[in-house]
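In: Using only what follows, build the 3D model:
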Amino acid sequence: MKILFCGRHLQRIATHSCLVGVLCSAWGSSVLAGSFFDDPFGTSKAVPSYSSRLTFSHKNGCNFEQPLPKPLELIDALERSLCQNPQTLQTWAAIKQQAAAIGVQNAAYLPTASVTGNWADASKYINSPGYAQHDYGFTTHSTDLNLNINWVLYDFGLRSSNLENAKQLFNAALASHDVELLTVFQDAMQNYCQAQANEALLAATIDAEHSAEENFRAADAKYKIGVGTLADKLQAQTSLAQATLKRSQASSNLQNSIGALAMSMGYKPNIVINLPALEDKVPNINSIVKSIDVLIDDAIRMHPKILTAKAQILAARSEYDTAVAINRPTISLFTSLERSGAPIVQVSAGEVIKTRNIGIQISVPIFDGFSSKYKSRAAQAKIEFAQYELKGAEQKVANEVWVNYQNFLAELSNLETTEILIQSATQSFEVSKGRYKAGIGNILELLKAQSDLSDAKQQRILALAKWKIARYNLAISLGALPEIY
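Out: Here you go, the predicted model:
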């Protein structure tokens, strides 16, 4: 009997027929059994080799050497975070799960085969009281072996819609993983920049403490020789105590930020981390900033959140196709082989019965209690939900780009302002210190200048860190990992 099919269904069946032949020919090969049969549909090829798809600066992928590099550069911290953070590992596992789901749906195009067998032993004894000559008994056994093969040849799009749904969910898992990579990247970057800034702030507070100590010694020396007042000495001593308190607080903030950075990289918070000094330079704004309209358009086109929402829409549509196709007929090829054997007691012989069946089975759903009707309605509502989710994602992404763009411009402006501020504060402090030593300035003027310089240094450090964070946040809001090499 020959059955003809046309279009993509014939191509699909022919492809999987070839696969059946390969399966049969490769069954005896131990090499193929260890590789081909592990993933016959090649679904794992699209799965990233590592939890991060970042282009690594070293050849070992996510295999990192210990201890941590000294100093720990930003790229080192980010690579460890993207590879070792539990959040990225979870979404990486979700990708593997969805890849396996594609294999499950591909398997529906292949035939299914099952073998059942049984062996039974039976004893029978008949006793006729008073007629011993008629007593008899026997022990016998029987065997039964069945081979059943079923192959769905045509189902009016049910399998293809299920496969498409699995593929789109896989694409959504890939995009969701990219979203998680951006989130982890952002957290690790902010923790790194904050730790680096806190280290610089600690150095600034130490310098301020030394300056306050120097001022106190000068006031104390003047008081001892009778040219200074007790009030000046006490004010200088108060300023020193305040500087010491700020230095202690800065030290605590640094340790907390170091612990947060370690946790984002997947380590315990007590690991020793050595950071490079915070660079102090203002970039050229004209070489960085693009039109906000261009940035928003780029983000809406390429952001993983948008790609995830679009994949969810396609998955919902294929789910609707499945709900419609499930109520359509299916055409299947079936065959069965059966062999059973049992002895014939009366003639002390045995008989073997062999049965073979092959045919075409057509299944036509007639009534399912309106289940398919409501499933299709639910799938249609899921499509609408996914479409509204896409609109919400587009608005959210556009707003993130807008906010981060404005923050970026503001931080660039703050960098220029703090550069001027720190220059004027330094000059003012040097003048006040000279005036006080010469006896023509007072302690309040000196302490005010020293406090202004300390605040200017700290504001400069914070401006540098905030600008760095704002720059990366803007790039992340566009949906891409920033270039940091």
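In: The closest residue to Pro67 other than its chain neighbours: what secondary structure?
Out: Closest residue to Pro67 apart from its sequence neighbours, by CB to CB, 6 or more residues apart in numbering: Val272 at 7.5 Å. The way it works is simple: take the backbone N, C-alpha and C, and place the C-beta from them, glycine included. Three-state call for Val272 (DSSP: H, G, I helix; E, B strand; the rest coil): coil.
In: Pro71 is in contact with Val272, correct?
Out: No - the criterion here is CB atoms under 8 Å, and Val272 misses it with Pro71 at 11.6 Å.
In: Quick check: neighbours shared by those two?
Out: Common contacts of Val272 and Pro71 (CB atoms under 8 Å, 6 or more residues apart in numbering): none found.
In: Tell me, how many residues neighbour Ile476?
Out: Residues lying near Ile476 (other CB atoms under 10 Å) number 21.
In: Work out for me the element it sits within.
Out: According to DSSP states H and E, Ile476 maps onto helix 443-477.
In: repeat for Lys167
Out: Per DSSP H and E, Lys167 falls inside helix 158-224.
In: now the angle from the helix or strand just after that helix to helix 443-477?
Out: Moving toward the C-terminus from helix 158-224, the next helix or strand (DSSP H and E) is helix 230-264. For helix 230-264 against helix 443-477, the angle by axes from the mean of the first three to the mean of the last three CA atoms, to 10 degrees is 20 degrees.
In: Buried residues in helix 230-264, which are they?
Out: 232-233, 235-237, 239-240, 242-244, 246-247, 250-251, 253-254, 257-264 (16 or more other CB atoms under 10 Å).
In: Does anything pack onto it? Which helices or strands?
Out: Applying 3 or more CB pairs under 8 Å, 6 or more residues apart in numbering; DSSP states H and E, we find helix 230-264 packed against helix 74-84, helix 158-224, helix 443-477.
In: Quick one: mean pLDDT over the first one.
Out: This means helix 74-84. Averaging pLDDT along helix 74-84 gives 87.
In: repeat for the last one
Out: Mean pLDDT, taken over the full extent of helix 443-477, equals 89.
In: Now do the domain split for this protein, please.
Out: Domain ranges of the chain: 1-38, 50-110+157-327+372-477, 111-154+329-364, per automatic domain parsing.
In: want to try CSV for the helices and strands packed on helix 230-264, with distance to Ile149 as columns?
Out: Shown next, in CSV, are the helices and strands packed on helix 230-264 (distance: least, CB to CB, whole Å):
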stretch, distance to Ile149
helix 74-84, 46
helix 158-224, 18
helix 443-477, 54
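In: Between those helices, which one is closest to Thr116.
Out: Closest approach to Thr116 among the helices and strands packed on helix 230-264 is made by helix 158-224 (26.0 Å; CB to CB).
In: now that closest one and helix 230-264, what's the angle there?
Out: Going by the same axes, to 10 degrees, helix 158-224 makes 160 degrees with helix 230-264.
In: Just give me the neighbour total for the residue nearest to Glu400 when sequence neighbours are not counted.
Out: Of all residues not flanking Glu400 in the chain, Ser477 sits nearest, at 4.2 Å (CB to CB, 6+ apart). Ser477 is flanked by 26 other residues according to other CB under 10 Å.
In: and the gap between Ser477 and His177?
Out: Distance of Ser477 to His177, computed by CB to CB, to the nearest Å: 18 Å.
In: try Ala204
Out: Distance, Ala204 to His177, using CB to CB: 40 Å.
In: Give the residue from the two that has the larger number of neighbours.
Out: The neighbour comparison of Ala204 against His177 (other CB under 10 Å) goes to His177, with 25 against 22.
In: residue contacts, that one?
Out: Applying CB under 8 Å, 6+ apart, we find His177 in contact with Pro48, Thr88, Thr91, Trp92, Ala94, Ile95.
In: Same question for Lys373.
Out: Taking CB under 8 Å, 6+ apart, we find Lys373 in contact with no residue.
In: quick one: secondary structure of it?
Out: Put simply, Lys373 is helix when judged by three-state DSSP.
In: Would you mind confirming that Lys396 is in contact with Lys305?
Out: Yes - judged on CB under 8 Å, Lys396 makes contact with Lys305 at a distance of 7.2 Å.
In: Between these two, which is the more surrounded one?
Out: Between Lys396 and Lys305, Lys305 has the larger neighbour count (other CB under 10 Å), namely 23 against 14.
In: For that one, which three-state class applies?
Out: Classification of Lys305 by three-state DSSP places it in helix.
In: That one: what's its closest spatial neighbour, skipping adjacent residues?
Out: Leaving aside its chain neighbours, Lys305 sits nearest to Ala393 (4.8 Å; criterion: CB to CB, 6+ apart).
In: That neighbour: neighbour count?
Out: A total of 20 residues lie near Ala393 under the criterion other CB under 10 Å.
In: distance of it from His177?
Out: From Ala393 to His177 the distance is 16 Å (CB to CB).
In: Check Glu214 too.
Out: Applying CB to CB, the value for Glu214 to His177 is 55 Å.
In: same thing with Ser251?
Out: Counting by CB to CB, the gap from Ser251 to His177 is 38 Å.
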